[in-house]
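1. structure for this input, please:
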Amino acid sequence: MSQGNTSILLRGDASISAHNYIDLTINQVDQGLIYSIGRASYVKPVQIWDKETGKLTDFTTHFSFAIKPAQNNTEEHGDGLAFFLTDNNSTISSSTAGGGLGLYNPSATNSSNSIIAVEFDTWKNDWEPDGSHIGIDINSIVSAKIVTWNTSSKDGEKASVWITYNSSTQLLSVFLTYDNHTVFNGVSPNLSYTIDLRKYLTEFVIVGFSASTGNASELHKLYSWDFCSSLETGKTGKTGKTWIVILVSCAAAIIAGLGFGWFLKRRKKKQDIVADDDDDDVVLDAAMDDEFEMETGPKRFTYAELALATNNFDEKGKLGEGGFGGVYRGFLTDLNLEVAVKRISKGSKQGIKEYVSEVKIIGRLRHKNLVQLVGWCHQRGQLLLVYEFMPNGSLDSYLYRNRSSMRWELRYKVARDLAYALLYLHEEWEQCVLHRDVKSSNVILDCNFNAKLGDFGLARLVEHGKESQTTVLAGTMGYMAPECLFTGKASKESDVYSFGIVALEIACGRRSIEMETDPDMVRLVEWVWELYGRGKLVEAADPSLGKDFNEKQLERLLTVGLWCAHPDCNVRPSIRQAIYVLNFEASLPILPSKMPIPSYFSTSSSNMSSILEITSSHDTTHTQSSCKSFPTDSSKLTMSPPLPSATASLLSN
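-> Now for the predicted structure:
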């Protein structure tokens, strides 16, 4: 970072080192290391609550730092550093050196500024019961709550910290680790404290870091920092998203503006893009350009821009691989935006259809629980889709891919978020949108574990109150409603079925179909329904949760999951009805003690074999529909084992 960078404000003794990290206090012996104070903060205020609605933001900040002894002195060192949120008028005073951590005057009875801080204190002061500790400070250097910090700071080891705030529970949580492979998922924080930030802070605050030394000295090094928040503001329910990211490696420094970048999710004014490779566009280019440019929101990118953003689609930055291509992590310097770029395989006719569907449908949708399409590109025979980057990956990675287990509160929230996404698609947008591929790998999690539904490649539009006429089978086995196998049509009811399967997966921590298990447990729906009939629904809970779940919520989620996954499409609820039950606004439905057997139109052997051939050879194939009653002899459904997902994750692993 250059000293002229205007995104990060350095105050006091803070400076940029030659190695692209921040020294928060003096790091030059000839200048004197004692009684040093320094701050590093983002230059613009960040909104944490909205005065009009009274709503608070959720936020997550993650940073890495090290506290090193000065001049190889490991005997006495102090005083520590802190992450803070404060009002715009906060100033640095010499009286805040030493134990004040550059924020508080220990001698003052009341702080003149509103400051909430999480301190990492290395020196035992008179007002502190312990030596090295982590504390949560509320307008006072005397911490409201502390925990002993078994610090490795004397060795200068790098620590990784997550600080999260849940606006619903008003819980501020702190997690610190020295393990490079650990990622905090909300479970077992080192320290937590309930606080209503509205009582102590103004709507807009300055966020950053402060450190100080006193009689003893030490070095305070900040290596990386990201801050992510989302807040619904005003009567429109518009969500404002903020990312601050500090990158410190040399490569990241070049990409992100020499080490420091502010990622503010926003639309950039449309620019004329001059490219020298337009002649190599896909054959549909001219027609698609005219149609795509009429849509609002997503921007056209050149291939050169996206190649640069992804380091020429470097395999090291690959986030996932799907049936139609890979997804790569990228950074758009012009927009100061981190993105996920989906590269659809060349020569895929189905890929072209999905590409057009994504741009034409999701490009027009705006909802906090839908993945945002940032832009598109079709040049050099390539089809490229650019999405917002979601740092916490897909839901299935937490349920099945050996990532840390997701705590119950987050699981229930994810289920409700997904339900609200479908409510918007089915009832609240100008047309009814049938997603046709709702599954756990298409549920994406942002930095605050807000769930967003993605991958609209199979989606279709239907006028409200009308039926879909498309009869090409589509979806993923295990999530596809049984009637779709016979009619080839999708509907709101079939989307609801898929939601029900995901709801069961969230509660049980199991895939919809698991072949390598007890024969009675292969199909998730049948297994849970059998437990429901025996009155032992609680036994379906994910074992990784232990006893740490809300039993009433578990009963609601599992019962709603079964209701939505009812074999008879006419008995399934609308997604709105499911939401009422999940929100405890309606009573639980009473379901049959045994899972019903569906009945469908008799299917000719030739048609049936065609359907089974399609479903057994592709993970994702094609359809749309309405639901009708089929009062005929029952037909047995043959379910294929789970196949590899055809949708790559649009996020980090």
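
2. wait, a helix at D396?
-> Yes. Counting by DSSP: H, G, I helix; E, B strand; the rest coil, D396 is part of a helix.

3. so is K452 in a helix, a strand, or just coil?
-> strand.

4. do the same with the one 3 residues further on
-> Here D455 takes the coil state, with states given by three-state DSSP.

5. I'd say it and V443 touch.
-> No. Counting by Cβ atoms under 8 Å, D455 sits too far from V443 to count as a contact (9.7 Å). (Glycine included, C-beta is placed from N, CA and C.)

6. who has more neighbours out of these two?
-> D455 (31 against 27; other Cβ atoms under 10 Å).

7. for that one, report the pLDDT, please.
-> Listed pLDDT for D455 reads 86.

8. now do it against V339, distance only.
-> The gap separating D455 from V339 is 16 Å, by Cβ to Cβ, to the nearest Å.

9. repeat for P573
-> In this view, P573 and V339 are 36 Å apart by Cβ to Cβ.

10. more neighbours, those two?
-> Remark: of P573 and V339, V339 carries more neighbours, 24 against 19, as counted by other Cβ under 10 Å.

11. which helices and strands does whichever strand or helix holds that one pack with?
-> Assigned by DSSP states H and E, V339 belongs to strand 337-344. Judged by 3 or more Cβ pairs under 8 Å, 6 or more residues apart in numbering; DSSP states H and E, strand 337-344 is in contact with helix 303-309, strand 325-332, helix 349-361, strand 382-388.

12. now render these as a markdown table, adding mean pLDDT, mean neighbour count and distance to L176.
-> Below are the helices and strands packed on strand 337-344 laid out as a markdown table (pLDDT from 0 to 100; neighbours: other Cβ atoms under 10 Å; distance: least, Cβ to Cβ, whole Å):
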| stretch | mean pLDDT | mean neighbour count | distance to L176 |
| --- | --- | --- | --- |
| helix 303-309 | 92 | 20 | 33 |
| strand 325-332 | 88 | 22 | 26 |
| helix 349-361 | 77 | 19 | 40 |
| strand 382-388 | 91 | 25 | 28 |
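
13. out of these, which comes closest to L562?
-> Nearest to L562, of all these, is helix 349-361, at 29.9 Å by Cβ to Cβ.

14. before we move on, back to that, list the strands paired with the strand holding V339, with their directions.
-> strand 325-332 (antiparallel), strand 382-388 (antiparallel) (DSSP bridges).

15. so which of those comes closest to F184?
-> When the strands paired with strand 337-344 are compared by Cβ to Cβ, strand 325-332 sits nearest F184, at 20.3 Å.

16. okay, angle between the closest one and helix 349-361 too, please.
-> Per axes from the mean of the first three to the mean of the last three Cα atoms, to 10 degrees, the angle that strand 325-332 makes with helix 349-361 is 40 degrees.

17. now do D568 against H435, distance only.
-> In this view, D568 and H435 are 21 Å apart by Cβ to Cβ.

18. tell me the domain ranges of the protein?
-> The chain breaks down into these domains under automatic domain parsing: 8-264, 278-388, 395-621.

19. separation between Q47 and T476?
-> Distance from Q47 to T476, by Cβ to Cβ: 39 Å.

20. show me the shaky parts of the stretch 101-250 of the chain.
-> Along the stretch 101-250 of the chain, segments meeting pLDDT under 70 span 107-113, 126-131, 151-155, 181-183, 185-187, 232-250.

21. which residues of it fall in strands?
-> With DSSP state E, counting those that start in this stretch, the ranges of strands along the stretch 101-250 of the chain come out as 115-121, 133-138, 145-148, 159-166, 171-177, 191-194, 204-212, 218-233, 238-246.

22. out of the ones you listed, nearest to H19?
-> With Cβ to Cβ as the measure, strand 218-233 is the member of the strands of the stretch 101-250 of the chain nearest H19 (9.2 Å).
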